[in-house]
Each structure stands twice: as C-alpha cells, then as structure tokens.
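Asker: Test case, fold it:
(2 chains, ligands or ions: 2)
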There are 2 protein chains.
Amino acid sequence: SSLPVGKPFTSDFFFRQLFDEESSTYSYLLADLKTGEAVVIDPVLEQAKRDAQLVKELGFKLKYAINTHLHADHITGSGWLRELTGCQSMIAAASGAKADVYLEEGDRIEFGSHFIDVLATPGHTNGCMSYVIKAQGCVFTGDTVLIRGCGRTDFQEGSSESLYENVHSKIFTLPDYFRIYPAHDYKGQLESSVWEEKRYNPRLTKDLEEFIRIMDNLNLSYPNKIDVSLPANRECGVYDIPKE
Amino acid sequence: SSLPVGKPFTSDFFFRQLFDEESSTYSYLLADLKTGEAVVIDPVLEQAKRDAQLVKELGFKLKYAINTHLHADHITGSGWLRELTGCQSMIAAASGAKADVYLEEGDRIEFGSHFIDVLATPGHTNGCMSYVIKAQGCVFTGDTVLIRGCGRTDFQEGSSESLYENVHSKIFTLPDYFRIYPAHDYKGQLESSVWEEKRYNPRLTKDLEEFIRIMDNLNLSYPNKIDVSLPANRECGVYDIPKE
Ligand SMILES: [Fe+2]
Ligand SMILES: [Fe+2]
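Answerer: Ligands and ions are numbered 1, 2, ... in the order given. From the prediction side, this is the model:
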C-alpha cells in the first residue's frame, strides 16, 4: 500500500514554509490570496525581519503571529513581528505566556475565508496546541508530532502519557492524507502525513507503556537556550530584541 | 497588487521537498500517487539513504534521479540511488557527465501520468536544465534562478549573458503563479514564484548590462568542494560513495 491520493490546497490558499537554520525551526506563512489576510505560525525572532519583508513583498496584511507552544529552544518572533507589522500575537492560555490573544481548544482563527481550528494537545508542554485547517487537509503540530519523532516530555510540565493520548485521539484520527507540518526537523525532512506517522513513527506506533519507557530513557541534555528562551517567550518574545 | 491566485497541485501528484543542511541543497521527490512511479530531482549523496528509505516507506518505485546540472558544491546522490533503488540517472548531454539518460531541450520525462518538460537554461553552467511541470504550475530551476538570487557564472563555462537571456525568455515567460523550486537557498526560504522573482530578484530585474556588471563583481571565493564534486559528478556520483 502506498500513500493515499491527497487533498490539494485550494487555489486561494497561500502556503509558504520557512526555515531557521540555527534552531532548525519551521515557520509557516499562510494567507488568503483573495483578501491578502495572512497569519504566521511559529515565527523565530532572528527571522522576523525576513518574514515581515516577505509579507510586504507578497502584498499581504499579517493578522496574527501564532505560537504552537512556549518554545524552549529559540525566542519566538511574534513580539517583533507585532512591532514590525501590527499583527496580534497568540498562544495557548495554558502556556502562562503573555500574548494579545489567548487560545483554548475549540477556538477558531480566521484569516480571509480560511480558518484554523485549535486543538489542545498538551504533552511536550502543558500549553501545546495543534492547528488544523480541515478544508486544506493539513495540521500544524508544533513539537507534539515531529517527522518520525516527537517532542521531549521532561521539561515544562511535560507528560508522555498526555502526549501519547492526545496524538492518538486528536491527530492520528485525522484522515490519512492530512499533511503534518511540525515545528522542527533535524534531518532535512520538511513535512509528513498522518498516514506516514501512523505507520513509521518509531515512538508513537508503540503501545503507551513502551512509549513511556522510550521517553523516560532518552537521556537528552539540558536544552541549550532554555534559560534565555523561556523568560523571553513568556513575555511574547519582546525581551532581548536584537538591534538593527 | 499581491501574488495572484494559484494553480494547486492535482490530487494524484505527490510533492516532497527535502533539504541537505551541509550544502543547503533542496532535493524534490515527485510521484504519481495512483501508480507509485516517482522521480527525484537533485538528490545529494549524503542523503541518498534517507531518500531511498522515504521512497520505500511511501510505497513508491523510483524511476529516475534527475540532475539540474553538474554540481560543484556537493556530490550528486544519483549514483548511489541508482544502486539502492534501481533507478536511472539523468543529466544534460551538454554537461559532459556520465548518466543513464542524457537530456536535451524538448525532452519529456514521464512518471505515471505526469511529465516534466526539459528546458535548456545554460548560464550558471553550460549544461543547466530547468524542469517544468505545466499541469502542476511549477518549475525546478536548479541554480539558474535562486530565491532573490541566481547561481554564479564564473566557473564551468558560465555565462552571465546566457543566464540572463534564458531566464527572461524561458522562466519569466511562464505564468506569474508558477512556483519556482531552486536547488539551494541559504536564508531558510524554500520556494518562490515567477511573480515574485520578476518583481523582487535583486539581480534579474536589472537590465542585461547592469546584471553582467553585478555578476562580474561578486568576488566569490573558490567553491569549497569543487575539486571533489566535479570529478565525482562527472561519473554520475559513483565516485567516493561513503561506506555504511
Ligand atoms: Fe518545543
Ligand atoms: Fe551549481
């Protein structure tokens, strides 16, 4: 069996993935091509100028800078993009971070005629959200589902059990052809699909007990930038903005 | 004015961009989701195992490993993919490199019900090809058009004049909404469009005379890996294949 025939993006949906090499973070610029209203998911501070420039070149109006969670490995670009473009910042209420808009499960984020459904998928952190665009067949999973992996659960109120239950009940129940867009990849992979991760994810295909054992034995080092990133990201990334 | 409404990929067309961090190279795995026939454009030697694994996981049969040109900055993965998957390698006849199939302008590369039209776009090297998929509204430009840039023209029979003329007559004449997928980017940008590059490419929007002046004054250093990459790539990348 091979990957099922998919659901293409509609012609008025703009999608552009962007990469920050230092933190291996993917950001996503999405827009309604008819109205020009745009959102960015998981922008990175060091790339905020690049992203604002691209928004301007494409003739878009940035409405929201949306975070999947309180990142520990880089500073969010939402604070600076807010200053550069006048957009509003968004993050889960449960994250404890400051933002213009606090998100909860069931919220709907609109831009032009498109909308994002907000799913609470705590586990990597207690404030992790996944963002689904049903009409486009895609989900932005942050660090909840990575390509053939998942985020660590040993910091920030992480819980292996919650991560596993949320992925299985909220992500793996989406149609097989749904594209998965994560917040990171470290091997040059850019996207995945529900079909692929349900078959090939080396952690999440295990049963809960074995998954917890795997997660308990990762022996990861203390995150490099956590002591800088967390305080900054709690303030919507407005802390330590680099000068021109 | 903003980016025009686009032409989405058809539901039976599989597209997956892949990245090699060391050389900042993008490879593209394309497939017919109904027949499973696949091709890869510009694979990288160090990623051949990753790419072959992905092809297998997705249930595809790799038909061709296609090079846009004789790369000077990395070794092609086409030789190793040939051994791993039984695919055939392809490169421009004008490149002087060995391959299973030599390409010329006007050739058509078929996989399943999809096909790629081959355009000769010399300038960065004398054997540069661009690959167009009209039905999907996209073009793979190698180093001929980069995102807000273009490949250097001071090595490998490069010619600024040829590059300029070919881009203006063969790439910039494609519809504005056509997606541009280059062989590299060094700033975390993953794709562009004809509309964008016609407006914002800082070199190719100039007139020919100024373009030549810019290209003559780049003062780039001698490419790092050229002395290893060129001999290997002339042999279809079968030289110096790393052991497991
Ligand atoms: Fe994270
Ligand atoms: Fe090149």
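
Asker: Burial check on the nearest residue to A:Thr76 once chain neighbours are set aside, number of neighbours?
Answerer: Nearest residue to A:Thr76, sequence neighbours excluded (C-beta to C-beta, 6 or more residues apart in numbering or on different chains): A:Gly237, at 3.8 Å. Where you see a C-beta, it was placed from the backbone N, CA and C, and this is true even at glycine. Neighbours of A:Gly237 under the rule other C-beta atoms under 10 Å in any protein chain shown: 31.

Asker: Check the gap between A:Gly237 and A:Gln47 for me.
Answerer: Going from A:Gly237 to A:Gln47 by C-beta to C-beta, to the nearest Å gives 12 Å.

Asker: Enumerate the residues of chain A near chain B.
Answerer: Within chain A, the positions adjacent to chain B are A:1-14, A:16-21, A:33-34, A:36, A:47, A:50, A:54, A:57-60, A:187-191, A:196, A:199-200 by C-beta under 8 Å from any C-beta of the partner chain.

Asker: Which of those are buried, as a PyMOL select command?
Answerer: The buried subset of the residues of chain A next to chain B, as determined by 16 or more other C-beta atoms under 10 Å in any protein chain shown, is captured in PyMOL by this line:
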select buried, chain A and resi 2+3+6+7+8+9+10+12+13+14+16+17+18+19+20+33+36+47+50+54+58+60+188+189+190+191+196+200
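
Asker: quick one: which of the residues of chain A next to chain B sit in helices?
Answerer: Judged by DSSP state H, the residues of chain A next to chain B include A:50, A:54, A:57, A:196, A:199-200 as members of helices.

Asker: Could you list the low-pLDDT ranges of chain A?
Answerer: A:1, A:239-244 (pLDDT under 70).

Asker: for it, what spans make up the helices?
Answerer: A:48-57, A:78-85, A:160-166, A:194-200, A:208-216, A:226-234.

Asker: Could you dump those helices into JSON lines with distance to B:Pro182 added?
Answerer: Listed next are the helices of chain A as JSON lines, based on distance: least, C-beta to C-beta, whole Å:
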{"stretch": "helix A:48-57", "distance to B:Pro182": "15"}
{"stretch": "helix A:78-85", "distance to B:Pro182": "25"}
{"stretch": "helix A:160-166", "distance to B:Pro182": "36"}
{"stretch": "helix A:194-200", "distance to B:Pro182": "26"}
{"stretch": "helix A:208-216", "distance to B:Pro182": "38"}
{"stretch": "helix A:226-234", "distance to B:Pro182": "31"}
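
Asker: highest average neighbour count across those helices?
Answerer: helix A:78-85 (a mean of 22; mean count of other C-beta atoms under 10 Å in any protein chain shown).

Asker: Show me what it is packed up against.
Answerer: helix A:48-57, strand A:61-66, strand A:88-92 (3 or more C-beta pairs under 8 Å, 6 or more residues apart in numbering or on different chains; DSSP states H and E).

Asker: again, 10 Å this time
Answerer: In terms of contact count using 3 or more C-beta pairs under 10 Å, 6 or more residues apart in numbering or on different chains; DSSP states H and E, helix A:78-85 is assigned the packing partners strand A:37-41, helix A:48-57, strand A:61-66, strand A:88-92, helix A:226-234.

Asker: Centre of the chain to the fourth one, how far?
Answerer: Right, the one you point to is strand A:88-92. How far strand A:88-92 lies from its chain's middle: 12 Å, per C-alpha atoms, centre = their mean, to the nearest Å.

Asker: Same question for the first one.
Answerer: The gap between the average C-alpha position of strand A:37-41 and the chain average comes to 13 Å, counting by C-alpha atoms, centre = their mean.

Asker: Now the residue nearest to the spatial centre of chain A: closest residue in space, sequence neighbours ignored.
Answerer: With distances taken as C-alpha atoms, centre = their mean, the residue of chain A nearest its centroid is A:Gly142 (3.0 Å). Distances taken as C-beta to C-beta, 6+ apart put A:Thr68 closest to A:Gly142, at 2.8 Å, once the chain neighbours are dropped.

Asker: and the one you found, how many neighbours?
Answerer: 27.

Asker: Is it in contact with A:Ile91, as I believe?
Answerer: Yes: here A:Thr68 reaches A:Ile91: they are 8.5 Å apart, a contact under C-beta atoms under 10 Å.

Asker: Next, show the common contact partners of those two.
Answerer: Common contact partners of A:Thr68 and A:Ile91 (C-beta atoms under 10 Å, 6 or more residues apart in numbering or on different chains): A:76, A:127, A:129.

Asker: Using JSON lines, lay out those residues together with neighbour count and distance to A:Ile116.
Answerer: Output for the shared contacts of A:Thr68 and A:Ile91, formatted as JSON lines (neighbours: other C-beta atoms under 10 Å in any protein chain shown; distance: C-beta to C-beta, whole Å):
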{"residue": "A:Thr76", "neighbour count": "32", "distance to A:Ile116": "17"}
{"residue": "A:Gly127", "neighbour count": "23", "distance to A:Ile116": "17"}
{"residue": "A:Met129", "neighbour count": "30", "distance to A:Ile116": "10"}
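
Asker: just curious, which of these is nearest to chain B?
Answerer: The closest of these to chain B turns out to be A:Thr76 (C-beta to the nearest C-beta; 15.8 Å).

Asker: That closest one: what's it in contact with?
Answerer: When contacts are counted by C-beta under 10 Å, 6+ apart, A:Thr76 touches A:25, A:27, A:42-45, A:48, A:65-70, A:89, A:91, A:97, A:99, A:229, A:232-233, A:235-238.

Asker: hmm, back to that, just flag the most distant two among the ones in helices among the residues of chain A next to chain B.
Answerer: Spanning the widest gap among these are A:Glu57 and A:Arg199, at 39.1 Å by C-beta to C-beta.

Asker: Now the common contact residues for A:Gly237 and A:Gln47.
Answerer: A:74, A:77, A:80-81.
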